[in-house]
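1. With the sequence up front, the predicted model follows.
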Amino acid sequence: MKICIPTENNNGLNSTVYGHFGSAPYFIIYDTNYNKIEVINNMDKNHQHGQCNPLASFVEKPIDVMVTGGIGGGALKKLNANGIKAYRSTKEATVSEVIKNYESNKLVEITLNDTCSHNHGCH
């Protein structure tokens, strides 16, 4: 399984979760089968509201789960339509903590009622 975590920095397992999926500087993909991480630069972090294309960064690196500090409704719908569930984490958490919390079933799935408003108020 591959878990994608939008992060504020590129510090491997010590990277911190970013407050909003679409504008995160980096995405860290953790492969639970091989205990490996891969870092992807978010080339679309400065997108206009509603123009986030969440799957574009992962076309060649499919993911199974997204864990983020926040996400907009349109991005969540696109992820869910492709079978990808999103879970909420605090933005102070590290990638390592997120992985432990996910594997321990401590994260809550994000629904449309939990998404960020148009002003990205979840930063």
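-> Yes, it's here.
2. Which positions in the strand or helix carrying residue 86 come out as buried?
-> Residue 86 is located in strand 85-88, with elements delineated by DSSP states H and E. Within strand 85-88, the residues that qualify as buried are 86, 87, 88, counting by 16 or more other C-beta atoms under 10 Å. (C-beta placed from N, C-alpha, C; glycine too.)
3. That one - contacts with which helices or strands?
-> Helices and strands touching strand 85-88, by 3 or more C-beta pairs under 8 Å, 6 or more residues apart in numbering; DSSP states H and E, are strand 65-68, helix 73-81, strand 108-109.
4. Tell me the gap between it and the middle of its chain.
-> Centroid separation for strand 85-88 versus its chain: 8 Å, with C-alpha atoms, centre = their mean, to the nearest Å.
5. Mind giving me the packing neighbours of the very next helix or strand once past it?
-> On the C-terminal side of strand 85-88, the closest following helix or strand by DSSP H and E is helix 95-103. Under the contact definition 3+ C-beta pairs under 8 Å, 6+ apart, helix 95-103 sits against strand 2-7, strand 26-31, strand 65-68.
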